[in-house]
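>>> A predicted structure for the sequence below; I have some questions about it.
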Amino acid sequence: EIMLADFAGTITTIIVLVPILFIGGYVQRILRELCSVLICALISSYIVSITVIPLLSPLVMKKDPHKNRLESLVYNFNRYFVTPLVNFYSSLVRIVVEKKRAFIFFLVPLMLFMVITNKAVLPLLGRDLMTPMDTGIVKVSFTTDGNTSLEESENILSKMEKAIYSFPGVLMESATLGSEPGTFSFGSGKQPQAGGITIHFIDRFHRDKSIWEIEKELRDAFHKIPGIHYVNVFDFGATPLSSITSTVDLMITGDSLEKLDELGNQVEQHLRKVKGLTSVSRSWYLDKQEFIFEIDELQAARYHVSPADISAQIGMALRGKVSSIFNIPNETGLGVRAQFSKPYRDNVYDFETMLIKTPLGLIPLKVFAKITPVFAPGVITRQNLNYSIDIYGFRSTAAITHIQRGIDKEVIPNVRIPSGYRLSKEGEIAQMKQSGMRLARAMVIALVLLYFSLVVTFSSWKNPFTIMLAIPLAAVGSMWFMLGFGRHQCMPSMMGLILLAGVIVNNSILLIDFIEDGRKKGMDMHDAILEGIRLRARPILMTAFGTSVGMLPVAFQRAVGLERLSPLAVVAIGGLIIGTFLTLIYVPIFYILFEKLGNKIKGLLSKLRGDKIQEAET
């Protein structure tokens, strides 16, 4: 009786998963394994349902006048809950079937419900690439003043570590500080004054505060330490890809470092007004003091010395030069480096008295060179061979789309980007946009494949529309549940929506297939619908409640790491509960409407054919 419906339900669920296996990009890398496992599980479950279950059912369903405690519990649940619920659905559908005007009283509230969901609920939900997760690991990135020595930076780091260990629940921490100056790096360059700390806390089940509350307290503690230029505190895994530096990354490119610093300062000030961001920083600042020696070539020529010779002598005085070898018996000799003493190297203006060797004798450096103090960035970044500056924004749990809305309101209209310069949104916002387009493409392909597979199954063009209209009903329910649970739309929630579409379509297939079989056996359409509700409501409810109960531990995040899958479970539970309720009422309504529409179209076509025949005869 349900062989075709069972097979069609399995195939339709597999079909909506297949496009994700081949859409490419970040979405495919994250969801491909999950989809592969689900497809294998669906195929296995279908085989078991048509082989093992029929063989075991006589043993399970054998008649026995004596019921044990479990059987009595199930019997009472069925008698006092399921049966009244089935009768309730039957009575509602009977009203629709018997009273023509009842369609309006059912369709108008549905339209209002969907409009409210679209206009009010969706904007409140917000959208993320991946939902934030309390891993118990906190990352700290900080930068001291551009002119701070390594020794001073180490003292600041020690104070930060002391503040960290004042927090309860710290398991371990590791820190890095500085980098080698004058080096080139592709994508991971750091300033010598930059540092990073990784802090491991006990898991969330054994502490009173969430990781985001701890981050706020750490941030407040670090701001009290003098000498820190900026500090960002964020949870480990705050961005879905390790190549993404921060949630918000506004990149400005151009050909002048000074202009980039000016524009970066404007963007930073406006970005601090955006709600949802916990800290804002930049990739570099013009705060590192440098001294430029401008050599007078005419003056150098007067003393018969070239600028290159002067530069070489300055470099030898500052960095030193191996002038001799200290020989040790039976060992490699040690180089003896000669350079100016520390007082002369630390004060640039005392350095002006350095004597430069020329053919005409020793001449003070200040005769040849003019010393000009300037400010430069501690690190220079480039994008497509242009200078670039990044303005970073970090969040706690705010949705990316809410932050993006704030950027479009506070930053974009208030910062004028001159010709030759470009402001672009990088980071997680750009990745989310790309992944969203891929998922949307996969959804469209899945719906097209789903429709044509149902056309083949039912040999009908209109029944697939009736079945697929159950998908938005379930989607609306999932949105309200996500709002109630405080979840954002994200990639796992989209995956849950795809799975939900498969399950809710299965329920509709069971219902429509029975109605079609009843009509083939000679039943009236209205009688077939009522009989289908009476017999198919129970297995549909079993599917909905069984799946929802299985998803509850995931929805309530009862294990570390389940935060990432929680939106999937919430979507499935909400969509199944509300979607099942609406499906059992509205799928029969849609079926009747499409039947009436089909009959009218057939009547019009027949009339047109008749008119053409009459014209041909005359």
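Looks like it came in fine. In this text the structure is predicted, and so the values were computed from the model without any measurement.
>>> C-alpha only now, for contacts and for neighbours.
Fine.
>>> give me the low-pLDDT residue ranges for the stretch 201-350 of the chain?
Scanning the stretch 201-350 of the chain for pLDDT under 70 picks out 237-243.
>>> In the one helix or strand W480 maps to, which residues are buried?
Element membership of W480, judged by DSSP states H and E, is helix 470-485. Residues of helix 470-485 classed as buried by neighbour count (16 or more other C-alpha atoms under 10 Å): 470-483.
>>> mind giving me JSON lines with those and columns for pLDDT and distance to I137?
Formatted as JSON lines, the buried residues of helix 470-485 follow (pLDDT from 0 to 100; distance: C-alpha to C-alpha, whole Å):
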{"residue": "A470", "pLDDT": "87", "distance to I137": "42"}
{"residue": "I471", "pLDDT": "88", "distance to I137": "39"}
{"residue": "P472", "pLDDT": "88", "distance to I137": "39"}
{"residue": "L473", "pLDDT": "87", "distance to I137": "39"}
{"residue": "A474", "pLDDT": "88", "distance to I137": "36"}
{"residue": "A475", "pLDDT": "89", "distance to I137": "34"}
{"residue": "V476", "pLDDT": "89", "distance to I137": "35"}
{"residue": "G477", "pLDDT": "88", "distance to I137": "34"}
{"residue": "S478", "pLDDT": "90", "distance to I137": "31"}
{"residue": "M479", "pLDDT": "90", "distance to I137": "30"}
{"residue": "W480", "pLDDT": "90", "distance to I137": "31"}
{"residue": "F481", "pLDDT": "91", "distance to I137": "29"}
{"residue": "M482", "pLDDT": "90", "distance to I137": "26"}
{"residue": "L483", "pLDDT": "90", "distance to I137": "27"}
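>>> Would you mind giving the residues you listed as JSON lines with distance to L552 added?
Output for those, formatted as JSON lines (distance: C-alpha to C-alpha, whole Å):
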{"residue": "A470", "distance to L552": "23"}
{"residue": "I471", "distance to L552": "22"}
{"residue": "P472", "distance to L552": "23"}
{"residue": "L473", "distance to L552": "21"}
{"residue": "A474", "distance to L552": "18"}
{"residue": "A475", "distance to L552": "18"}
{"residue": "V476", "distance to L552": "19"}
{"residue": "G477", "distance to L552": "16"}
{"residue": "S478", "distance to L552": "14"}
{"residue": "M479", "distance to L552": "17"}
{"residue": "W480", "distance to L552": "16"}
{"residue": "F481", "distance to L552": "13"}
{"residue": "M482", "distance to L552": "13"}
{"residue": "L483", "distance to L552": "16"}
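>>> what residues go with each domain of the chain?
Domain ranges of the chain: 76-125+460-601, 289-376, per automatic domain parsing.
>>> Which among these is found nearest to T245?
domain 76-125+460-601 (19.4 Å; C-alpha to C-alpha).
>>> can you give me the end-to-end distance of that closest one?
The straight-line separation of the ends of domain 76-125+460-601 (C-alpha to C-alpha, to the nearest Å) is 48 Å.
>>> in this structure, which segments are predicted with low confidence?
Using pLDDT under 70, the flagged stretches of the chain are 62-65, 100, 179-192, 237-243, 610-618.
>>> Just give me the residue right at the centre of it.
Centroid check for the chain by C-alpha atoms, centre = their mean gives L129 as the closest residue, at 1.3 Å.
>>> For the helix holding W480, name the packing helices and strands.
helix 122-125, helix 491-520, helix 566-617 (3 or more C-alpha pairs under 8 Å, 6 or more residues apart in numbering; DSSP states H and E).
>>> if you set the cut-off to 7 Å instead, what comes out?
helix 491-520, helix 566-617 (3 or more C-alpha pairs under 7 Å, 6 or more residues apart in numbering; DSSP states H and E).
>>> who wins for proximity to E215 among the ones you listed?
Using C-alpha to C-alpha, the nearest of the helices and strands packed on helix 470-485 to E215 is helix 566-617, at 22.4 Å.
>>> how far out from the middle of the chain is the closest one?
Computed by C-alpha atoms, centre = their mean, to the nearest Å, the separation of helix 566-617 from the middle of its chain amounts to 37 Å.
>>> cool, and stretch 332-339?
For stretch 332-339, the distance to the chain centre is 56 Å (C-alpha atoms, centre = their mean).
>>> Would you list the phi and psi of M251?
As for M251, its main-chain torsions (degrees, to the nearest 10) stand at phi -100, psi 130.
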